[in-house]
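**Q** sequence plus the predicted model coming up.
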Amino acid sequence: MSELTPRQAQILAYIHAHAQAEGLPPTLQQIADAFGFRQACAAHKHVRRLEQAGHLQVRPNQARGIRLATSSAPRPDSLKLAVLGRVAAGSPIGADAGIECELVLDRALFSIAPDYLLRVQGDSMRDDGILDGDLVAVKRANDARDGQVVVARIDEEITIKRLERSVQRIRLLPRNPAYPPIQIAPGSDFAIEGLYCGLVRPD
């Protein structure tokens, strides 16, 4: 089977998850709705590519004509990661811990195996290559070194920034000059939630 693009891998993982949860594969319209496509024909184009790659079988003229190939099960060197809400790359926003979907990704994409994915909202980490809409991979951790990119909680809100820590202070630094650093005031409800491991960029 040929290698998949990140978006194709996401759609295949969604089809797997839907079939497992509902007992039926999704329709093209459900795939389009899940991935924000304006029309079902855009979903059909991705499904056809997955079929050509040998991951699916598609029965024509059937609303639920998608069938998973038996050989398309996740490989031992893959990771199944949940997408958990959003993380702000801008001002902190409230964290939605609900699972949007699950993706099966190649373990080799990450130097450290992540535990979950968060969808980025905002562009304050632009100069580190983290853009609005990216899925950032996160390894659960409650501590980090100075200079690491972290997912942090501030008063029940979640953000992704570069950590600056010294004896005198802790700051969360954006990587876009349009945004100011976030100074952590003494006594704030602040915690490191995880370490940035890499990202997946939807096509």
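**A** Sure, I can see it.
**Q** show me the domain layout of this protein.
**A** Structural domains annotated on the chain: 6-72, 78-200, as defined by automatic domain parsing.
**Q** now do the last one: distance from first to last residue.
**A** In other words, domain 78-200. In domain 78-200, first residue to last residue: 14 Å (Cα to Cα, to the nearest Å).
**Q** ok, now stretch 148-157?
**A** 19 Å.
**Q** what lies in contact with it?
**A** 87-88, 92-95, 118, 125, 128, 130, 136, 138, 141, 144, 158-163, 172, 182, 184, 188-196 (Cβ atoms under 8 Å, 6 or more residues apart in numbering). Heads up, the C-betas are built off the backbone N, CA and C, glycines and all.
**Q** just the buried members of those?
**A** 87-88, 92-93, 95, 118, 125, 128, 130, 136, 138, 144, 158-163, 172, 182, 184, 192-196 (16 or more other Cβ atoms under 10 Å).
**Q** which ones among those residues are found in strands?
**A** 87-88, 93, 118, 136, 138, 158-163, 172, 182, 192-196 (DSSP state E).
**Q** show the residue spans covered by the strands in this protein.
**A** Counting by DSSP E, the strands of the chain are 56-58, 66-68, 78-88, 93-94, 99-106, 116-121, 135-140, 149-154, 157-165, 170-173, 182-183, 190-200.
**Q** just send those strands back as TSV, with mean pLDDT and distance to Ala17 too.
**A** Shown next, in TSV, are the strands of the chain (pLDDT from 0 to 100; distance: least, Cβ to Cβ, whole Å):
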stretch	mean pLDDT	distance to Ala17
strand 56-58	82	14
strand 66-68	79	11
strand 78-88	78	9
strand 93-94	51	25
strand 99-106	76	5
strand 116-121	88	13
strand 135-140	90	15
strand 149-154	92	23
strand 157-165	93	24
strand 170-173	95	33
strand 182-183	94	35
strand 190-200	89	16
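**Q** I'd like those as CSV, with distance to Tyr14 appended.
**A** Shown next, in CSV, are these (distance: least, Cβ to Cβ, whole Å):
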stretch, distance to Tyr14
strand 56-58, 12
strand 66-68, 11
strand 78-88, 10
strand 93-94, 24
strand 99-106, 5
strand 116-121, 13
strand 135-140, 13
strand 149-154, 24
strand 157-165, 24
strand 170-173, 32
strand 182-183, 34
strand 190-200, 13
